[in-house]
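1. Quick check, what structure comes out for this input:
(one chain, ligands or ions: 1)
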Amino acid sequence: MSAEIIDGKAFAQSVRKRVTEQVATLKERYSLTPGLAVVLVGEDPASQVYVKNKNKSTIEAGMKSEEIRLPKTASQSEVLDVVARLNSDPSIHGILVQLPLPAQVDEMAVLDAIDPAKDVDGFHVINTGRQAVGLPAMVPCTPLGCLMMLKDRLGDLSGLNAVVVGRSNIVGKPMASLLLKESCTVTIAHSKTKDLPAVCRRADILVAAVGRPEMIRGDWIKPGATVVDVGINRMEGENGKTRLVGDVCFKEAVDIAQAITPVPGGVGPMTIACLLANTVTAACRIAGVEEPAH
Ligand code: GUN
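-> Numbers count the residues shown, from 1 in each chain. Next up is the predicted model:
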């Protein structure tokens, strides 16, 4: 039987519609316009595309959008100066510094300088810690989007075996933490995991976030599992054109899983939708007004 393909694009559209309505309400009730600033250092082509899409989506949702571009030679103190200015700008409620940063800039120092209240990426250690102990926190957008899709599809996740392949700070670790909060039995697997296929085969929920094209094969998947593929990898196709593939071999997995997110059109669109939702949350918390439910 072929798996249900989880339509992340349609799901993201429904989240964005809700965010747009919430922004309109905040403007009307409190004269509050949520503002998001995105900082791009250098000219990495993939980052430029992300930043352009973020800017466009922010404006479409009725929010203020500020895009700050610095040259790839920018020093750490130049980046920190921009962050300090945005921290004290009352019209900005969310700050996102696009990663990766050039080698001369210390990524952790920059993330640490962002006001945790404006940290819509949820990468600041304060937010990581708050989330880990169950306090209100800004939650990283990609894992948040994955969780929303999983809950929409499966309802109560309690007691399910969840395997997260990948231990990055951006996806793997926060994803595991969110699934634990939902009372899943969580395993974080990574490059040193022994017998990774056997570990994956135990998963009712399999989240792939390793950044290796099509590494997870069909026979690693438990029949009936729900598979969320966070990977976005460029591969040369037979016709010489590049195509996007995930970390899961989709054409094998689709015959085994019960549901699977495609690449593209799965997790990707949800990340931006959650960024907009996080900006609304941050604006409400900063302004001290009631937060909308997402
Ligand atoms: N680079 C790739 N994904 C992300 C993300 O979610 N946030 C930031 N800041 N940079 C990224």
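2. Look at residue 144 and tell me its secondary structure.
-> helix (DSSP: H, G, I helix; E, B strand; the rest coil).
3. was I right about it contacting residue 272?
-> No: using CB atoms under 8 Å, residue 144 makes no contact with residue 272, being 11.6 Å away. Placement of C-beta: from N, CA and C, glycine included.
4. Quickly find the element holding the residue in the stretch 101-250 of the chain that the ligand sits nearest to.
-> Proximity of the stretch 101-250 of the chain to the ligand (CB to the nearest ligand atom) peaks at residue 121, 4.7 Å away. Applying DSSP states H and E as the criterion places residue 121 outside every helix and strand.
5. what's the closest non-adjacent residue to it?
-> residue 96 (5.3 Å; CB to CB, 6 or more residues apart in numbering).
6. list the contacts for residue 266?
-> Counting by CB atoms under 8 Å, 6 or more residues apart in numbering, residue 266 touches 6, 8, 149, 228, 229, 246, 260.
7. Which ones among those residues lie within helices?
-> In helices, defined here by DSSP state H, the members of these are 8, 149.
8. What parts of this structure come near the ligand?
-> Contact residues, the chain versus the ligand (CB under 6 Å from any ligand atom): 96, 97, 98, 99, 121, 141, 142, 170, 271.
9. Kindly confirm my reading that the first one forms part of a helix.
-> No: secondary structure of residue 96, determined by three-state DSSP: strand, with no helix assignment.
10. how far away is it from residue 236?
-> Remark: distance between residue 96 and residue 236 (CB to CB, to the nearest Å) = 31 Å.
11. Comparing the two, which shows the higher neighbour count?
-> Neighbour count, other CB atoms under 10 Å: between residue 96 and residue 236, residue 96 has more, with 24 against 9.
12. Which strand residues bridge the more buried one?
-> residue 38 (DSSP bridges).
13. That one is in contact with residue 120, isn't it?
-> Yes: if you go by CB under 8 Å, residue 96 and residue 120 touch, sitting 5.8 Å apart.
14. shared neighbours, the two?
-> Taking CB under 8 Å, 6+ apart as the criterion, residue 96 and residue 120 both touch 36, 275.
15. Please point out which parts of stretch 199-215 sit buried.
-> Buried residues in stretch 199-215, counted by 16 or more other CB atoms under 10 Å: 199-201, 203-210, 213-215.
16. distance between the ends of it?
-> Stretch 199-215 has an end-to-end distance of 14 Å (CA to CA, to the nearest Å).
17. residue of the protein with the smallest distance to the ligand?
-> For the chain, CB to the nearest ligand atom, closest residue to the ligand: residue 99, 3.6 Å.
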